[in-house]
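Visitor: structure for this input, please:
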Amino acid sequence: MRYALFGSTGLHVSRIALGTMTFGGAGNPLWEGIGGLDAGAADHVLGTALDAGVNLVDTADAYADGECEEMLGKILGARRNDVILATKVSARVGSGPNDVGASRYHVMRSLEGSLRRLRTDHVDLYQVHGFDFLTPIDETLGALDDAVRQGKVRYIGASNFAARQILKALGVSAREGLARFISHQCYYSLAGRDVEHEILPAAREEGLAFLSFAPLAAGLLSGKFDRHGTTDDQARRAKFDWPPADKEQAYDAVDALRKVAARRAVSVAQAALAWNLAQPGVTAAIVGARRPEQLQESVGAADVDLTAGDLAEIGAATTPAVMYPAWIQQQAAGERLPVAG
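Guide: Numbering: from 1, shown residues only. The predicted model follows:
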C-alpha cells in the first residue's frame, strides 16, 4: 500500500480508503441494492482491507439507517486504533423536523449517536455530509470546534460543498479561531469530473486533503458495463443507477481504459482508479466492496503507475469543457509575462 499526507495534518493515509456503505441494510430495498452485507461478510471485507494496509475507513450516520456504523463498531473491536475512523453528519436520520442538517442541536446529538454505535470515545474525522442552506456556517463550525475541544473529534472535514462554501468556511474558522476543515470528500470519477473546475483547485490551494468517492462511478467504470450492456446483472450499478452520468461518454472512457489496461496488464477498474489517484490534489480514493476479491482488485490500483501518455489517453475520453472565467484567464495569461526584447 502507498500512503499520502492527509492535507496539512501530518497524518499519512492509505491511497485507497475503505467505504462502508455496503455494510448493513438487509431487508431494505435501497440499502440491499447498495450492499446489504451482514456482519460476517462485512468483517471479511474489513479484514481484507486492513491486511492490505488500508488505514482510512469511512462511514456515515445515515448509511443503512445507522446499522452501518453499528456493524462497523462491532467488527472493528480491538482493531479500532489501527484505523483513521471517519464518519459524517447532516443527512436525514429520522422523520423528525430536526433529524437532519448541520445545526448545533443536530451535530451534537448525532455525534453522540455515532460514538455509541461505533463503540468509541472519539471520531478521527467528522465530516459535514452536505451543505446546510438553513444553518449559518458559523454555528456549524462552532459546534464542531466544541467537539474537537472536548476530545470527541480529532479533525473535521466537509463533503459535497461548493468551492465558495468551503472557502467561506475556512475564512470563518480563521476569523473566529475555530477548528478548520482539513479535508473535502466529493464525487470524482472519469464519468464525473465537475470538481476539476473549482472544487479540486480550491482544495489544492488551501492544503486540504481531497477524498474521491465513487471513483468507479458506482461500478460504471469497473469493466462490467459498456454499450452492449453488463456482464453482471447483480452489480450495484445495475440496481442503483447513481451517481448520474453521461453514459455514452462513460462508455468512451471504458473503451480507452480497456486499451490502457491491456497494455499495462491490469484490470479496467484498476486503470480507472490509477487515473483518479494520479490527478493533482487527490489524496485517496474511497472504494466499497461486497466481496473481498473486489476490494483486493481495488487495493492493487495503488501500485499501478500509468505513464503520462496513458493518463492523457484515458482522460481525453471525458475531458470537460473549460468554463468561464477559466478560458478567458488562460487566454490572458501570456500577457502577464514580459515581452521579449
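Visitor: count the neighbours of G309 for me.
Guide: 10 (other CB atoms under 10 Å). Every residue, glycine included, has its C-beta placed from N, CA and C.
Visitor: can you give me the strands in the stretch 201-341 of the chain?
Guide: Secondary structure of the stretch 201-341 of the chain (DSSP state E, counting those that start in this stretch): strands at 209-213, 225-226, 229-230, 284-287.
Visitor: from the chain's centre, how far out does the second one sit?
Guide: Okay, so that is strand 225-226. Distance of strand 225-226 from its chain centroid, counting by CA atoms, centre = their mean, to the nearest Å, is 23 Å.
Visitor: show me which residues of the helix or strand bottoming out on mean pLDDT in the chain are buried.
Guide: In the chain, no helix or strand scores lower on mean pLDDT, DSSP states H and E than helix 236-239, which sits at a mean of 77. Neighbour counts over helix 236-239 (16 or more other CB atoms under 10 Å) mark R236, R237 as buried.
Visitor: how far away from the center of its chain is it?
Guide: Mean-position distance between helix 236-239 and its chain equals 19 Å (CA atoms, centre = their mean).
Visitor: repeat for stretch 9-28
Guide: The answer for stretch 9-28 is 9 Å, by CA atoms, centre = their mean.
Visitor: so for it, what gets flagged as buried?
Guide: Those would be 9, 11, 13-25, for stretch 9-28 by 16+ other CB under 10 Å.
Visitor: tally of neighbours for G130?
Guide: Neighbour count of G130, defined by other CB under 10 Å: 17.
Visitor: what does A41 give?
Guide: 17.
Visitor: ok, now which ones touch it?
Guide: Under the criterion of CB atoms under 8 Å, 6 or more residues apart in numbering, the contact list for A41 reads R290.
Visitor: doesn't it lie inside a helix?
Guide: Yes - counting by DSSP: H, G, I helix; E, B strand; the rest coil, one finds A41 located in a helix.
Visitor: do you know how far it is from G24?
Guide: 10 Å (CB to CB, to the nearest Å).
Visitor: again with V148
Guide: From V148 to G24 the distance is 28 Å (CB to CB).
Visitor: what does L5 give?
Guide: According to CB to CB, L5 and G24 sit 32 Å apart.
Visitor: just Q270 next, same as before
Guide: Distance check for Q270 against G24: by CB to CB, it reads 27 Å.
Visitor: mind listing what the residue nearest the centre of the chain touches?
Guide: By CA atoms, centre = their mean, the chain has its centre lying nearest to F213, at 2.9 Å. Contact analysis of F213 by CB under 8 Å, 6+ apart lists G19, D58, S159, Q185, C186, Y187, Y188, I286.
Visitor: how about 6 Å then?
Guide: Q185, Y187, I286 (CB atoms under 6 Å, 6 or more residues apart in numbering).
Visitor: kindly report the same for R258.
Guide: V268.
Visitor: longest helix in this protein, please.
Guide: The longest helix of the chain (DSSP state H) is helix 247-264.
Visitor: how distant is that helix from the center of its chain?
Guide: On CA atoms, centre = their mean, the centre of helix 247-264 falls 22 Å from the chain's centre.
Visitor: which parts of that helix are buried?
Guide: Those would be Q249, A250, Y251, D252, A253, V254, A256, L257, V260, A261, R264, for helix 247-264 by 16+ other CB under 10 Å.
Visitor: repeat for stretch 96-104
Guide: V100, G101, A102, S103.
Visitor: got it, and stretch 163-180?
Guide: If you call a residue buried by 16+ other CB under 10 Å, then stretch 163-180 has these buried ones: A163, Q165, I166, A169, L170, V172, S173, L178, A179, R180.
Visitor: from these, pick the one nearest Q331.
Guide: Q331 has its nearest neighbour among those in A163, at 21.6 Å by CB to CB.
Visitor: so what's the closest one up against?
Guide: With CB under 6 Å, 6+ apart, A163 has these contacts: E198, I199, A202.
Visitor: show me what contacts the last one?
Guide: Contacts here follow CB under 6 Å, 6+ apart; on that basis A202 touches A163.
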